[in-house]
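Chemist: below are the sequence and a predicted model for it; my questions follow.
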Amino acid sequence: MGEIARRVVDVVAGTVGDTVNPAVTGLLATAAVVTRNPELAVLSVPTGALAGALTEQGVQLVTQTLRDRAHRVQQFADAVEDETGQPIEDFVAEHVTDGAKRTFLGETVDAVTDAKTAWKIKVLARVFVQGAKDGDLIEETALYVNILRDLEAAHARFLAAMKAAPADGPGRSSTLKAIIGCDAGLAIAAPILYRHLIERGIVKSDHENIDGPYLRLTDLGSTCADWLENLGEEANTSG
């Protein structure tokens, strides 16, 4: 834990005030226990209750970070309710009934606190709902949560374009030019996106020619692309 976070935890320990949405507080507390990260528990304390103490400690800039990250968890709770028609506390009580699912919930909430876009929060909510409803999918959906930590909507768009592009190269690969042809909006970011996906083992580059590298999905990449498509979330909406 960093020095500022350690000081904030110390402040929280001596702070008395109302809590934020109890459901969000519970989610953050679960994530703090599962990930052994006490900083997550800090996010459930309202910034108004901390303001004076934080100013006294000289770390008031932390308040906006706390507010932002706690708000993401509230968005996640709202998205789960939209998916299930149940308040998240009711859904959790009904479906998160064993240690594996509690760990899955905590790890998902931890990922949510770092999510920068509404797209990722909605996708994480859908992943959580799938895993919580079907215990047989826990390991698979937990893997996707970890993968999603490093992916944004633009990556999902790139994977969708790869699936749509003519696979007439070596090993059923596609040229970068052909991939961009399926989604012209990716043209500028494409080199960054495919290199990032290669680093994550999702895309492989076999050859290169005048039209750029030949790219193909790895087995993991093909699974991820299918899975993101099946989730049905609009990947061209990143806000």
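Modeler: Sure, I can see it.

Chemist: would residue 205 count as being in a strand?
Modeler: Yes. Counting by DSSP: H, G, I helix; E, B strand; the rest coil, residue 205 falls inside a strand.

Chemist: name the element residue 215 belongs to?
Modeler: strand 212-217 (DSSP states H and E).

Chemist: what angle separates the helix or strand following that strand from strand 212-217?
Modeler: Helices and strands here follow DSSP H and E; after strand 212-217, the next one along the chain is helix 219-231. Angle, helix 219-231 to strand 212-217, by axes from the mean of the first three to the mean of the last three C-alpha atoms, to 10 degrees: 70 degrees.

Chemist: got the buried residues for helix 219-231?
Modeler: 221, 223, 224, 225, 227, 228 (16 or more other C-beta atoms under 10 Å). In this view, the C-beta of every residue, glycine as well, is placed from N, C-alpha and C.

Chemist: give the other helices and strands that that helix contacts.
Modeler: helix 118-133, helix 138-148, helix 153-164 (3 or more C-beta pairs under 8 Å, 6 or more residues apart in numbering; DSSP states H and E).

Chemist: how big is the angle separating the last one from helix 118-133?
Modeler: If you take the same axes, to 10 degrees, helix 153-164 sits at 70 degrees to helix 118-133.

Chemist: got it, and the shortest one?
Modeler: Direction vectors for helix 138-148 and helix 118-133, defined by the same axes, to 10 degrees, enclose an angle of 170 degrees.

Chemist: turn the buried residues of helix 219-231 into a markdown table, columns for pLDDT and distance to residue 124.
Modeler: A markdown table is the format used below for the buried residues of helix 219-231 (pLDDT from 0 to 100; distance: C-beta to C-beta, whole Å):
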| residue | pLDDT | distance to residue 124 |
| --- | --- | --- |
| 221 | 91 | 19 |
| 223 | 88 | 17 |
| 224 | 89 | 14 |
| 225 | 89 | 18 |
| 227 | 85 | 13 |
| 228 | 86 | 12 |
